[in-house]
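Novice: okay, structure incoming, though there's no sequence with it:
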């Protein structure tokens, strides 16, 4: 099955090298979680930022069954922003899996008969 990855750029030309780097890094995410319906990555260049001269914003939206994971990262380098975004998306997926596991264990403990 082909992974659904939507890559878009705001005020930024997406070069072939940038597209290939993003798709390579997102393969890691798709391998960790097969239940991802769609991943949307938005890369934005904000040259009018008051705090920094050039600032890049990378936003990631992972659509899964249930809640969507949405993460945003700011950086002065677009490649660093993509790296940080993929790391945070991976942490978000791990956190979601851990919480599901905890909920499953708690519900199974609640159904056990109490020893007298």
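Specialist: Cool, got the structure. This is a predicted model, so every value here is computed, not measured.
Novice: need the contact list for the residue nearest to the spatial centre of the chain.
Specialist: For the chain, the residue nearest the mean C-alpha position is residue 89 (3.1 Å; Cα atoms, centre = their mean). Residue 89 is in contact with 29, 60, 62, 69, 71, counting by Cβ atoms under 8 Å, 6 or more residues apart in numbering. From N, CA and C alone the C-beta is placed, and that goes for glycine too.
Novice: among the residues you listed, which one lies nearest to residue 97?
Specialist: Minimum distance to residue 97 across those is 11.5 Å, recorded for residue 69 (Cβ to Cβ).
Novice: where does the protein have low pLDDT?
Specialist: 1-2, 49-53, 108-116 (pLDDT under 70).
Novice: which stretches of it form strands?
Specialist: Using DSSP state E, the strands assigned to the chain run over residues 5-10, 38-46, 55-63, 69-75.
Novice: buried deepest among these, which one?
Specialist: Comparing those by mean neighbour count (mean count of other Cβ atoms under 10 Å), strand 55-63 comes out on top with a mean of 20.
Novice: off-centre distance for it?
Specialist: 8 Å (Cα atoms, centre = their mean, to the nearest Å).
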